[in-house]
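1. What shape does this take:
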Amino acid sequence: MNNLRKLQEIYPELSQVKDNDTNAAELIIRRIADDARFCLPKTAHRPHVAVFVDSLPLRVEQAKEELRDELTTLETGQWYDIERIGDEMCDRLNEIANSNAPVYTQEIKECWFLHGQELEDAYTNAGIGDKPLEDDGMAAICIYIAAELFDYLQEWIEEERNKLD
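-> Model (predicted):
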């Protein structure tokens, strides 16, 4: 969005293009491309390659490992203990999710670029609101990790129940 606003400042006619007017948009794009060729040195015509590090799955696995370590230290063996673990672990799940969420803006943006729809869905399903990108989108990432941890905890509880039966 910021890039579009900057382009609209340089090329005011861009803001007057209708959504379905492809001819006008194409003419403006050609003008922008011609201006860019004029400004750029000849060596700059090589394509720019952006490398994204997909850290979200790694962070989720790290959070699951932390939860797994905590669950293995618990002594279970009774049905009551298993149910209690599920109830008492909710706060701990959020702590683990928060501690495994990215804090650097670039990494947060990469997570949103690569997993935007999943993060929006997690935020919407949590029922918190309709602005998943507030706080630069970090809240949605924490919610996504917490949801993954909750699913993992449910699977672990089910396995423990099966062991008792």
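
2. can you pull the buried residues of the strand or helix carrying Glu66?
-> In this structure, Glu66 is located in helix 56-73 according to DSSP states H and E. Across helix 56-73, burial judged by 16 or more other C-beta atoms under 10 Å covers Leu56, Arg59, Val60, Ala63, Lys64, Glu66, Leu67, Leu71. C-betas here are computed from N, CA, C, even on glycine.

3. In TSV: the residues you listed, plus pLDDT and distance to Asp151.
-> Formatted as TSV, the buried residues of helix 56-73 follow (pLDDT from 0 to 100; distance: C-beta to C-beta, whole Å):
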residue	pLDDT	distance to Asp151
Leu56	93	15
Arg59	93	15
Val60	95	10
Ala63	95	12
Lys64	94	10
Glu66	92	15
Leu67	90	11
Leu71	82	14
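
4. Using TSV, please lay out those residues together with distance to Phe150.
-> Converted to TSV, the buried residues of helix 56-73 look like this (distance: C-beta to C-beta, whole Å):
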residue	distance to Phe150
Leu56	16
Arg59	15
Val60	12
Ala63	11
Lys64	11
Glu66	14
Leu67	10
Leu71	13
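
5. Widest-spaced pair of those residues?
-> The most widely separated members of those, counting by C-beta to C-beta, are Leu56 and Leu71 (22.3 Å).

6. thinking again about what came up before, which other helices and strands contact the helix holding Glu66?
-> Of the remaining helices and strands, those touching helix 56-73 by 3 or more C-beta pairs under 8 Å, 6 or more residues apart in numbering; DSSP states H and E are helix 79-100, helix 105-126, helix 138-164.

7. Report how many residues lie close to the closest residue to Ala147 other than its chain neighbours.
-> Of all residues not flanking Ala147 in the chain, Ala122 sits nearest, at 5.2 Å (C-beta to C-beta, 6 or more residues apart in numbering). Using other C-beta atoms under 10 Å, Ala122 has 21 other residues around it.

8. distance of Ala122 from Ile85?
-> From Ala122 across to Ile85, the span is 23 Å (C-beta to C-beta, to the nearest Å).

9. Quick check: can you list the domain ranges of the protein?
-> Domain assignment for the chain, taken from automatic domain parsing, gives 2-45, 56-164.

10. Lovely, talk soon.
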